[in-house]
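> I would like to see how this sequence folds:
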Amino acid sequence: SSNFLFGMVWLGCALYAIGFCTYYAWKIRMRAIDDVGSVIHEFDPYFNYRATEYLYEHGSKKFFTWFDHMVWYPLGRPVGSTIYPGMQFTAVYLKRYIFPDNWTLNDVCCYMPTWFGAFASMVVGLIAYETTLAQNTNMNLVRWIIDIVKGQRTNPPKAKTSVILGFQSPAVEAGIFAMGLMAIVPAHLMRSVGGGFDNESVAVSAMTLTFYLWVRSLRNDSKYSWVFGLLGGFAYFYMVAAWGGYVFVINIIGVHAAFLVLAGRFSEKCYISYS
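Residues are numbered from 1 along each chain as shown. Predicted coordinates for the structure are as follows:
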């Protein structure tokens, strides 16, 4: 039928746009590697590479008890217990099990920020899609404030939306637009460029993934939303292992959960997901 044909064309355009944004999110970050090759940039990324090299050569047991006399001279530094090793363990895993022969450890560390940068762009698109679904929009701010004063729950009217092959429009378009913005936003771009082997390049992906899984776990029409809450816990664990800014993530989720209570939208599903 014509509706099915339109849906297939629409889905094809959406998939092309997603592929386009993902590819160029990666390609833009590859500029430094394309120009000068697989070179670690700046001081912190080089220190992170040196720690990854030690982990790769000596294993995790010696890594966590490693006292490096070559840094913070003349005091030295207990590296294994003073860094967030999630990025190092990720690089070693990729080298040993994904690229064991054709890639050097230096290559893996140089390319990792570009992969995670593209992945973070996709996850931001998923967040935008989830938050613009019909069941999560069409709230009236004035009505919502009045209902808070009255101490009653706000039940927003159903938003007008189109469902095409199981996907909602314009939620898909909003997600694609958010992907394109995240792909080129300078604050993220400068922390995920090729060769910039620093914690933020991995942590931003873990942070956005935690946020997405949190909001996805709150969807009312899904029977197994608690599974996304559980996966969000694992994503947050990885975030903690990768970057010291993890406290901002749990604070924002806690504030959002408290906001849901004040808004009269707290439920058993929210309680399970937050737990």
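
> and V163, that's in a helix?
No - using DSSP: H, G, I helix; E, B strand; the rest coil, the assignment for V163 is strand, not a helix.

> Spatially nearest residue to it (excluding sequence neighbours)?
Take V163 and drop its neighbours on the chain: the residue closest to it by C-beta to C-beta, 6 or more residues apart in numbering is S169, 7.7 Å away. Bear in mind the C-beta positions are built from the backbone N, C-alpha and C, glycine included.

> now swap in L133 and tell me
Here the residue nearest L133, using C-beta to C-beta, 6+ apart, is A171, at 5.1 Å.

> Show me the helices in the protein, by range?
2-29, 31-36, 43-64, 86-93, 105-131, 141-150, 171-184, 186-189, 199-217, 225-242, 246-262, 268-274 (DSSP state H).

> Show the average pLDDT along the fifth one.
Right, the one you point to is helix 105-131. Averaged over helix 105-131, pLDDT sits at 95.

> pLDDT at P78, what is it?
Here the pLDDT value assigned to P78 is 92.

> what does the model give the residue lying closest to it once chain neighbours are set aside for pLDDT?
In this structure, P78 finds its nearest non-sequential neighbour in F67, 5.1 Å apart by C-beta to C-beta, 6+ apart. If you check F67, the pLDDT there is 92.

> Make 335 the starting number, not 1.
Right, with 335 as the first residue, what we last looked at is F401.

> about what we covered before: so what pairs up with the residue nearest to V497 in the strands?
S496 (DSSP bridges).

> where does the stretch 435-584 of the chain dip in pLDDT?
The model of the stretch 435-584 of the chain has pLDDT under 70 over residues 470-478, 481-482, 484-495, 554-556.

> let's see 50
Within the stretch 435-584 of the chain, no stretch has pLDDT under 50.

> hang on, the earlier thing: burial of the residue nearest to V497, as a residue count?
Neighbour count for S503, taken as other C-beta atoms under 10 Å: 14.

> I'd say A452 and A359 touch.
Yes - look at A452 against A359 with C-beta atoms under 8 Å: they come within range, at 4.3 Å.

> From what I see, the residue nearest to V497 and S496 are in contact.
Yes - the pair S503 / S496 is scored as a contact, 4.5 Å apart, by C-beta under 8 Å.

> which neighbours do A452 and A359 share?
Listed contacts common to A452 and A359 are A517; contacts here mean C-beta atoms under 8 Å, 6 or more residues apart in numbering.

> Quick one: residues in contact with stretch 538-553.
Everything outside stretch 538-553 that qualifies as a contact, by C-beta under 8 Å, 6+ apart, is 420, 450-451, 453-454, 457-458, 460-461, 464-465, 467, 469-470, 522, 525-526, 556, 559-563, 565-566, 569-570, 572-573, 576-577, 579, 583, 586-587, 590, 594, 603-604, 607.

> mind listing what Y380 touches?
374, 531.

> mind running it again at 7 Å?
For Y380, the contacting residues are I374, by C-beta atoms under 7 Å, 6 or more residues apart in numbering.

> And V583, by the same measure?
Taking C-beta under 7 Å, 6+ apart, one finds 541, 544, 570, 573 in contact with V583.

> got it, and C444?
Taking C-beta under 7 Å, 6+ apart, one finds 367, 372-374, 528-529, 531 in contact with C444.

> Name the nearest residue to it, ignoring sequence neighbours.
With C-beta to C-beta, 6+ apart, the residue lying closest to C444 is S372, at 4.2 Å.

> The one you found - how many residues pack around it?
16.

> ok, it - contacts?
Contacts of S372 by C-beta under 7 Å, 6+ apart are 440-441, 444.

> And those, which is closest to G414?
Of all the contacts of S372, G414 sits closest to N440, with 21.1 Å by C-beta to C-beta.

> Give me the neighbour count for the closest one.
19.

> again with P434
Burial measure for P434: 9 neighbouring residues, criterion other C-beta under 10 Å.

> Over to V405?
12.

> Now it. Nearest residue, chain neighbours left out?
Using C-beta to C-beta, 6+ apart, the closest residue to V405 is R411 (4.9 Å).

> I'd assumed W400 was in contact with the one you found.
No - with contact defined as C-beta atoms under 7 Å, R411 does not count as touching W400 (9.1 Å).
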